[in-house]
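Visitor: sharing a sequence plus its predicted fold:
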Amino acid sequence: MSELLDILTQVQAGDMTVAEAAASLGEREVDLGFARVDTEREARRGLPEVIFGPGKTPAHMVEIAQTLLDAGQNVFATRVTEEQLKLLQEMFSDLAYHADAKAITIDRYPRREQEGFVAVVCAGTSDLPVAAEAVLAAERMGARVDLICDVGVAGLHRLMGHVDLLRSARAIVVVAGMEGALPSVVAGLVQRPIVAVPTSVGYGTGLNGISALLTMLNSCVPGITVVNIDNGFGAGVAAGMINRRDDA
């Protein structure tokens, strides 16, 4: 990022032409044939390209991860299968596996110092894998994160003991399945942005998370943003970006 700012400063001062700046910045992606790895994403978005595991072969996972490392970036992969994990562990001895989130990380370079505070609220134990993914994503965005588990609407007294903590967060991720009512409850208690995550947890008429999704979309409480079903990663990134709202 410092190199990019230096180049832009030179262009602004007239010490470098736009063409020279483009040449200095070099390639923005690496074409692997089966994938085009975006090596500029961290500079644009604050988080390197993240590898989504489903549908990829283990060999493809390894090659993409190595490309990111070669570009000077750490690796974060989500929804990793057992087959993918086995080969990745063989190839990268410094890999860390986050079992609850079914994700892997490889950190060879300095990471952003944690700042601010994001709370991740999980309605039930069955929602924990999605909540864990949100925690990991927000942490990778540089947030300090606390996970509050099993405080669903079946026992609201469990939530009330955490209200002061929630009110101190810059953003709150609320993960819930079944009827998906918890984000509305939390949003009615705090003056913070809420990122709601419906999960596919529930019985037949839960429709694999559609019922929870519709409940969250139809909340009467303002200030709730809803991501897709089971998308803990997207929610964690969004909360992490809100957490960094004071960035210059």
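Guide: Ah, there it is.

Visitor: now do the buried residues in stretch 93-108.
Guide: By neighbour count on 16 or more other Cβ atoms under 10 Å, the buried set for stretch 93-108 is 95, 98, 101-106. Placement of C-beta: from N, CA and C, glycine included.

Visitor: contacts only, for residue 177.
Guide: Residues in contact with residue 177 (Cβ atoms under 8 Å, 6 or more residues apart in numbering) are 123-124, 126-127, 198-202, 206, 209, 212.

Visitor: scratch that, residue 59 is what I was asking about
Guide: Contacts of residue 59 by Cβ under 8 Å, 6+ apart are residue 87.

Visitor: tell me which residues in the helix or strand where it lies are buried?
Guide: Taking DSSP states H and E as the criterion, residue 59 maps to helix 58-70. Neighbour counts using 16+ other Cβ under 10 Å place 58, 60-69 of helix 58-70 among the buried residues.

Visitor: next: stretch 135-152.
Guide: Buried residues in stretch 135-152, counted by 16+ other Cβ under 10 Å: 135-145, 147-152.

Visitor: and that stretch, C-alpha only, in PDB?
Guide: What follows is stretch 135-152, C-alpha atoms only, in PDB (Å, rounded to 0.1, in the frame of the first residue of the first chain):
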ATOM      1  CA  VAL A 135     -15.400 -14.000  13.400                       C
ATOM      2  CA  LEU A 136     -12.400 -15.100  11.300                       C
ATOM      3  CA  ALA A 137     -13.300 -12.800   8.400                       C
ATOM      4  CA  ALA A 138     -13.700  -9.800  10.700                       C
ATOM      5  CA  GLU A 139     -10.400 -10.600  12.400                       C
ATOM      6  CA  ARG A 140      -8.700 -10.800   9.000                       C
ATOM      7  CA  MET A 141     -10.000  -7.300   8.300                       C
ATOM      8  CA  GLY A 142      -8.200  -6.000  11.400                       C
ATOM      9  CA  ALA A 143     -11.000  -6.000  13.900                       C
ATOM     10  CA  ARG A 144     -10.900  -7.200  17.500                       C
ATOM     11  CA  VAL A 145     -13.800  -9.600  17.700                       C
ATOM     12  CA  ASP A 146     -15.800 -11.200  20.500                       C
ATOM     13  CA  LEU A 147     -18.200 -14.100  19.900                       C
ATOM     14  CA  ILE A 148     -21.400 -14.300  22.000                       C
ATOM     15  CA  CYS A 149     -22.900 -17.700  21.700                       C
ATOM     16  CA  ASP A 150     -26.300 -19.300  22.200                       C
ATOM     17  CA  VAL A 151     -28.400 -16.200  23.000                       C
ATOM     18  CA  GLY A 152     -31.400 -16.900  20.800                       C
END
